[in-house]
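**Student:** Would you be able to build a 3D model of this:
(one chain, ligands or ions: 1)
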Amino acid sequence: MDVYEAVTTRRAVRGFTDRPVPMETLEKVLSAAAWAPSGSNIQPWHIYVLTGEPLARLKKIAVERVAAGDPWDEREYVMYPPDMTSPYADRRAAFGKERYAALGIERGDWEARIRAAIGNWDCFGAPAALFCYIDRGLGVAQWSDLGMYLQTVMLLLRAEGLHSCPQMAWSQVRRTVADAISPPEHLMLFCGMSIGYEDVTKALPRTGRAPLEETVTFITD
Ligand SMILES: Cc1cc2nc3c(=O)[nH]c(=O)nc-3n(C[C@H](O)[C@H](O)[C@H](O)COP(=O)(O)O)c2cc1C
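**Tutor:** Sure, this is the predicted structure:
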């Protein structure tokens with residue numbers, strides 16, 4: 001698979017089979033992803049890999065917690081600014097509309113929306129997941145390093161025939177994750193990432209993108 005194919009076939013997959021992901025494959029992907037760039041090569045990421053019983057236990061506790069209506073853990077970082085303006089607010093709204101329409105969920109059907117959201121904490125059925133931490137003392141530039149690293153992981157997963165879904169949703173139950181993996185206090189959970197083989201029977205239409213001229217400006221002779 002060439003890089004273009006890896007980029008264009010990567011999607012946030014929200015339906016996985018239970019086919020196990022070989023640990024050697026995860027080790028191979030994470031070893032290669034370590035070559036992702038970071039300012040001054042500080043490599044500001046720390047990743048926990050969960051599979052098997054430890055992941056099954058965490059998913060069960062998290063799903064039960066959310067299904068019981070337990071409030072989220074207090075936020076450690078701002079997921080989206082509350083005063084997000086156009087075009088970002090519009091794009092976010094369009095994404096939500098597209099996603100729930102594809103699932104056949106009506107606009108005001110909050111129960112169905114919550115049911116769909118709960119899939120997050122079951123890792124959408126995936127048998128492997130990463131929990132991606134950054135040192136809480138680091139700044140926005142290092143968060144950008146982390147993003148590059150995570151995209152590198154996701155592209156390498158495509159090369160192995162695997163799919164993924166990065167999930168900030170896990171940060172909403174970060175204490176439940178911490179109970180499972182006991183990270184040191186100086187680390188902050190940015191997101192989880194579900195990993196597995198796609199359940200093609202649950203595949204939804206690809207999420208669109210803004211036209212190139214909205215996000216890229218060419219200045220040339
Ligand atoms: C940092 C990050 C966090 C995300 N968090 C979630 C999440 O919690 N749940 C979810 O279903 N999708 C999540 N997504 C997936 C995005 O919704 C998805 O990437 C976006 O809509 C574009 O769609 P695509 O990745 O399928 O092309 C996240 C993506 C990123 C990059």
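**Student:** From now on I want contacts and neighbour counts done on CA atoms only, so please keep to that.
**Tutor:** Will do.
**Student:** Next, the buried residues of the helix or strand bottoming out on mean pLDDT in the chain.
**Tutor:** Of all helical and strand segments in the chain, the minimum by mean pLDDT, DSSP states H and E falls on helix 110-118, at a mean of 89. Neighbour-count burial for helix 110-118, counted by 16 or more other Cα atoms under 10 Å, picks out Ala112, Ala116, Ile118.
**Student:** That one close to the ligand?
**Tutor:** No. Under the criterion of Cα under 6 Å from any ligand atom, the ligand is not reached by helix 110-118; the shortest gap measures 7.3 Å.
**Student:** And the contacts of that helix?
**Tutor:** With Cα atoms under 8 Å, 6 or more residues apart in numbering as the test, helix 110-118 has contacts from Val63, Val66, Ala67, Tyr100, Ile105.
**Student:** okay if I get the residues you listed as CSV plus distance to the ligand?
**Tutor:** CSV is the format used below for the contacts of helix 110-118 (distance: Cα to the nearest ligand atom, whole Å):
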residue, distance to the ligand
Val63, 14
Val66, 14
Ala67, 16
Tyr100, 11
Ile105, 15
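**Student:** so of these, which ones are in helices?
**Tutor:** Among those, the ones falling in helices (DSSP state H) are Val63, Val66, Ala67, Tyr100.
**Student:** and the second one, how many neighbours?
**Tutor:** Read it as Val66. Val66: 18 surrounding residues under other Cα atoms under 10 Å.
**Student:** Leu103 now?
**Tutor:** Residues near Leu103, counting by other Cα under 10 Å: 13.
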